[in-house]
Each structure stands twice: as structure tokens, then as C-alpha cells.
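**Student:** Here is a sequence together with a model predicted from it:
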Amino acid sequence: MDNDNRIIRFDWAVKRMLRDKANFDVLEGLMKVLIGEDLRISEILESESNQETSDDKFNRVDIKAKNQKGDIIIVEVQLTREIHYLERILYGVSKAITEHIALGNKYDKVKKVYSINILYFELGRGKDYLYHGTTAFKGVHTGDYLEVSTREKGVISMRSPSAIFPEYYLIRVNEFNSVAKTPIEEWLDYLKNDHIRPDTKVPGLQEARRKLAYMKMSKQERQAYDRHLENIMIQNDVIDTAREEGLSQGIEEGRAQGIEEGRAEGRAEGRAEGRAEGRAEGRAEIIRQLLANGISIDVIKNTLSLTDDEIKGLI
């Protein structure tokens, strides 16, 4: 791609640039497209990944912000697979709620939370690239949805629980393979392909095209950004190659072990045992390759769905 027209990847921009008040309009545009409201960010709140870490190139990236109504917006970008990702989303939202209500406050001070999760890995089954979840209470026998009596400004009114409980957006970037025709599709085109149409009118993307240009970075920033891209490519290549080699090795060793048993029952048991041994050796080789390429133990553990004890037994 011509450097003059390159746009910085969103995961990099979130961590390095979009915390700047001058660039809030990029995030505000994304939230408007998703949530359908004109939300204005008033401040960026402290969040775990604001700090640089030793495995910074694979560290999860998130922004926690507050809008002018006091709602909390969590924007998180996840590059690598994590087996307990849904639990982590729940924990993050719960923590945000409890952190921002002072001890002794009434429950009406609880803040609405929007959790926006931009995922570059396969989370599970599903045909769509965008999922939205809210909390609703449905009648078991009647099928109707409960509305709750609340008091606002001295007036009793009815509210849906979804207006109070957190809302979740899961954006599965790799599942987007369409021509961008709608605002959310144009955002997906940027998130997946780093592409923004020159004539875009989509909220946030006009600002991103203007402010997140590759050539606007200093030489040192461009070098750091290029290393970031190289690290992502190496990580993906090593993981994919290691998985294929481990699977192939496991099948071959399982077949050889099974043949040596001689009897029908022995062959069946031998193949099963051989496959298990082959898979174990394959995983050990995967881990050795990942470590040799600078991948952290935490990333390896999450990618291969292994526990600490299992990893120790393989290396």
C-alpha cells in the first residue's frame, strides 16, 4: 500500500493515539454507529492496559471512558484467542460498575456500561460479524418482557432492565467479507483491512482518515508501528504452522504405534494411545517454536487452551 494513503491499524491507534482528547471524535463516531446515540467522551478513565508491559506487543488493548451522562464505555481490542474471554468481559464490566460507585451511595448511582469488544480471533459459532447483547426478563408463561417501576426526578416511570443493565457488542472482525455499504460495514472494512474510503461520510472514519495517517507519525513512531505489524504476522504464522505440524505429527505417530500392536484390539488401543502421545509431542513442539519466537507464556497458554501445569509438563 502507498505509504501516503496508509491508515494506522485501530489496535495501535487505541493504545497510542485515541486516548488523546483531540482524537476522541474517532471513538465517538464508532459508538454512534454501534449504539445509535451521539455520545461525547468527557474523560478517559484508568484501565489495566494503560501501562506498558513486557509483552506489550500482544497485550490486550482497552480504553475505558466516561461520557457526559456518566455512562461508562469500555472499548477492547483482542488480537489472540482467549478461552475464557466471555468471563473476562463479564469481570471487566462488573469491575467498572463497582469502581465507579462510591461506598455508601444509593444504587441509583450505578452507571450504565457499554462493552465494545473488537475480536481478531474465532470466538465460537455464528454467521454474523456483529452481535449485540442486552439483559431482558421474559415471562416464562406469557412471553412478555418485564418493565420495572422507577423514580426519576420525582416521577414514577416504567423502564426496561436493558436501559440499566450493561450492553455488549461483539465485533468479529475476521468474519467480515462483504463490500462495505453501510456505516458499520465501513467501520469493519477499516478494522479488518485498514481501509477508509476517501469520500466516507461515516462518523469517526472521516476523523480517523485525517488524524491516523501513517505519514503523520514521526520516524521513530513509524518504526515502532512497523515492528508491531511484523510481530503480529510472526505470531499468526508461527501459531498456524505449529498447529499444522503438531496435528500431522500426532496422526503419524499414532498410526505407527497402532500398527505395532498386532491384534485388532491392540491396534485400536495403540492408535488411540499413539495419537495421544503424538498430540502431546506436537504440543511440546508448538510451545518450543512459540517460545523461540518470543511469544509469552500467557499468550501460549490462552492460544492452546492449556493450564500452567500442562505447560510445565510439556517443556
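**Tutor:** Done, it's in.

**Student:** Could I get the contacting residues of the residue minimising distance to the centre of the chain?
**Tutor:** Centroid-nearest residue in the chain, with Cα atoms, centre = their mean: Q78, separated by 2.8 Å. Shown in contact with Q78 (Cβ atoms under 8 Å, 6 or more residues apart in numbering): R60, Y85, N117, I118, L119, Y120, F121. The C-beta positions use only the backbone N, C-alpha and C, and glycine is treated the same way.

**Student:** Look up phi and psi at the third one.
**Tutor:** In other words, N117. phi -120, psi 120 (degrees, to the nearest 10).

**Student:** For it, give the beta-bridge partners.
**Tutor:** E76, L170 (DSSP bridges).

**Student:** still on that earlier bit, pick the one among the contacts of Q78 closest to D194.
**Tutor:** Closest approach between the contacts of Q78 and D194, by Cβ to Cβ: Y120, at 12.4 Å.

**Student:** Where in this structure is the helix or strand with the lowest mean pLDDT?
**Tutor:** helix 264-292 (a mean of 62; mean pLDDT, DSSP states H and E).

**Student:** Show me what counts as buried in stretch 75-89.
**Tutor:** For stretch 75-89, burial by neighbour count (16 or more other Cβ atoms under 10 Å) applies to V75, E76, V77, Q78, L79, T80, R81, E82, Y85, I89.

**Student:** pLDDT wise, what is the first one at?
**Tutor:** Going back to what we said before, that points to V75. On pLDDT, V75 comes in at 93.

**Student:** what helix or strand does K192 sit in?
**Tutor:** Per DSSP states H and E, K192 falls inside helix 183-193.

**Student:** The following helix or strand past that helix - contacts with which helices or strands?
**Tutor:** Remark: after helix 183-193, the chain's next helix or strand is helix 205-211, criterion DSSP H and E. Contact here means 3 or more Cβ pairs under 8 Å, 6 or more residues apart in numbering; DSSP states H and E; on that basis helix 205-211 packs against helix 24-35, helix 183-193.

**Student:** Might you report the residue contacts of I101?
**Tutor:** The neighbours of I101, taking Cβ under 8 Å, 6+ apart as the test, are K109, V110, K111.

**Student:** hmm, I was thinking of I89
**Tutor:** Counted by Cβ under 8 Å, 6+ apart, I89 has contacts E76, S115, N117, Y168.

**Student:** Can you report how many residues lie near the last one?
**Tutor:** Residues near Y168, counting by other Cβ atoms under 10 Å, number 20.

**Student:** what does I295 give?
**Tutor:** If we define neighbours as other Cβ under 10 Å, then I295 has 23 of them.

**Student:** which SS state does it fall under?
**Tutor:** Classification of I295 by DSSP: H, G, I helix; E, B strand; the rest coil places it in coil.

**Student:** quick one: it from I116, how far?
**Tutor:** Using Cβ to Cβ, to the nearest Å, we find I295 at a distance of 27 Å from I116.

**Student:** Tell me, please, where in the stretch 151-300 of the chain the pLDDT is lower than the cut-off.
**Tutor:** When residues are selected by pLDDT under 70, those of the stretch 151-300 of the chain lie in 151-155, 235-282, 293-294.

**Student:** Skipping its backbone neighbours, what lies nearest D25 in space?
**Tutor:** Spatial nearest neighbour of D25, chain neighbours left out: E207 (4.6 Å); criterion: Cβ to Cβ, 6 or more residues apart in numbering.
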